[in-house]
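# Sequence below, structure please.
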Amino acid sequence: MLIGLVGGLITGISPCVLPVLPVLFMTGGASGVRKTGTAPTRRRPFLIVAGLALSFSLVTLLGTLVLAALHLPGDVLRWAGLVVLVVLGVAMMFPRVQDLLERPFVRLGRKSVPGDRGAFVLGLALGTVYVPCAGPVLAAITVAGATHTIGVSTVALTVAFAVGTAIPLLFFAMAGNRVAERVKAFRDRQRQVRIAAGIVVIGLAVALTFNVTDALQRAIPDYTAGLNQALGADKVGGGSLQACDPSDELQDCGTAPQLAGISQWLNTPGGKPAALQGKVVLYDFWAYSCINCQRAIPHVEAWYQRYHDAGLEIVGVHTPEYAFEHVPANVAAGTARQHITYPVAIDNDYATWNAFKNESWPAEYLADATGHVRHVSIGEGDYDGTESLIRELLTTANPSQTLPPRTDVADDTPTNPLQSPETYLGSERSGAGGAPVELHGKWTTAPEYLTAGDDASLTLTYDASAVYLDVGGTGTVTATAGGVTKTIPVSGSPDIHAVVQTPTPQQGTVTLKLSPGLQAYSFTFG
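Numbers count the residues shown, from 1 in each chain. Take a look at the predicted model:
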């Protein structure tokens, strides 16, 4: 809960909250009634922010479950919130509209809707469209909601996060309230203040509808990224297996969960499940367009080739991050492109992901021949250490055998501490702590990607030795960096393509021109 609270505070001062701050300031200072000389009540800012925090928490945790149960589109709540914002904004500007909204309450015996109650409704609407930077704490909450793993700890984390992020937002709402209280001009011109507040609310709704806010969020570097790293929030929410301390020695992390909900097997005879009993097993969680996973795959494949005959089995548990990664044909194509020969289990419903309580791509769980998990590795790196533990378990399982020599695969794990973080381009997570991206020409925004239109190009500022673009469709990407231009052909399902490669890490910019129709998902770095 402490990490959730601090993580919420960090998120509440991140660049992604900037679009909503003018609304909080103006509506916090606008009176809920239409009388000149009437100052807003002091509880108005609290109600606005309370409504925002409540609806944001419920949408984050339960939105996916509710929409799936009702068979509704994933963005219906967001659109409902935008409509409510427009209606409330218009009501603040035009008294007759507010009268129409009040009529149902008049019939119930109430003369009007109290202004403070309207403030809470405004906060509820803001919460459905408020998308802060997806820091590590928020990512853990989002995954829990999407994978139906909501428990007491997740709810506690969500509440703590909501309280933390509400504190700085409340500051801006209270600032507007205090200005309206103390400055006589605000009280004497409350009608004008309400009109201005209504315009700001409608302006936010329009900006969110056409993703204008994304440009603001991309233009400002995430000055809170270092705070998130210092917090160590990426360790939040681990299950019993992830509770194993990082170590070069074997531990007993508990019995390996059964593989569950596997819809299809790749690289197995007849597409049947891999035989695991009595074998040392490495469970490798991955997604085929994940650059971190792709850097780890050569090591995993080398272990399979070297030690399979000695009793090692590897299961690549493919759990999707993007919608296109749910398509089995895309997974099969990605498996072939990366020359994976070990069994791949398609876990589209997150059943095995949930069973392992996993939260990361890539993640490896090494089990001995008796079925006990003895080592857990989250993320990239330490391949030599993992291989040593594999060899130790194989020797324990069959002491009489002589193991082949160790593998020799270069470790390409990035070591640049300033390396740019993964940068998403779709509306759902754009601006989520990523590198600055400037768009030019015509683009169409979708939740997970941007579709290039006429004269579509973008400029990315990065700190890395390699830049990769996850892109799909048919066409070309023309990349210009450091005075050098190259053309990259693109075809088929989305996959990552290297647009910049230098011998050493550097700060720079790259401009990409995309053919119309190409879909750009994200940037990753190496």
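# in the strand or helix carrying Ala91, what's buried?
Per DSSP states H and E, Ala91 falls inside helix 76-93. By 16 or more other Cβ atoms under 10 Å, the buried positions in helix 76-93 come out as 77-78, 81-82, 84-93. Placement of C-beta: from N, CA and C, glycine included.
# nearest to Ala336, of those?
Checking the buried residues of helix 76-93 against Ala336 by Cβ to Cβ gives Arg78 as the nearest, at 36.8 Å.
# for that closest one, what are its contacts?
Thr128, Val129 (Cβ atoms under 8 Å, 6 or more residues apart in numbering).
# now it: how far from Ala456?
Per Cβ to Cβ, to the nearest Å, Arg78 is found 24 Å from Ala456.
# circling back to that earlier point, any idea which of the buried residues of helix 76-93 the model trusts least?
Among the buried residues of helix 76-93, Arg78 has the lowest pLDDT, at 74.
# quick one: it from Ser427, how far?
Counting by Cβ to Cβ, the gap from Arg78 to Ser427 is 9 Å.
# Report the buried residues of the lengthiest strand in the chain.
Longest strand in the chain by number of residues, with DSSP state E as the criterion: strand 495-514. Under the neighbour-count criterion of 16+ other Cβ under 10 Å, strand 495-514 has Asp495, Ile496, Val499, Val500, Pro505, Val510, Thr511, Leu512, Lys513, Leu514 buried.
# How about the contacts made by Gly371?
Thr255, Ala256.
# Give me the pLDDT for it.
The per-residue pLDDT reported for Gly371 equals 91.
# Check the one 5 residues further on too.
Val376 is assigned a predicted lDDT (pLDDT) of 87.
# Which strand residues bridge it?
Beta bridges link Val376 to Tyr365, judged by DSSP bridges.
# That one and Tyr365 touch, don't they?
Yes. Between Val376 and Tyr365 there is a contact under Cβ atoms under 8 Å: 5.6 Å.
# Show me what the longest helix seen in the chain is packed up against.
Determined from DSSP state H, the single longest helix within the chain is helix 152-182. If you count contacts as 3 or more Cβ pairs under 8 Å, 6 or more residues apart in numbering; DSSP states H and E, helix 152-182 packs onto helix 2-12, helix 21-28, helix 44-70, helix 136-146, helix 184-188.
# taking the mean pLDDT, what do you get for it?
86.
# quick one: it to chain centroid distance?
The chain centroid and the centroid of helix 152-182 are separated by 22 Å under Cα atoms, centre = their mean, to the nearest Å.
# That one: which residues count as buried?
So helix 152-182, judged by 16+ other Cβ under 10 Å, has buried residues 154, 157-166, 168-180.
# returning to that earlier point: output the helices and strands packed on helix 152-182 in JSON lines; the columns should cover mean neighbour count.
Shown next, in JSON lines, are the helices and strands packed on helix 152-182 (neighbours: other Cβ atoms under 10 Å):
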{"stretch": "helix 2-12", "mean neighbour count": "22"}
{"stretch": "helix 21-28", "mean neighbour count": "24"}
{"stretch": "helix 44-70", "mean neighbour count": "20"}
{"stretch": "helix 136-146", "mean neighbour count": "22"}
{"stretch": "helix 184-188", "mean neighbour count": "14"}
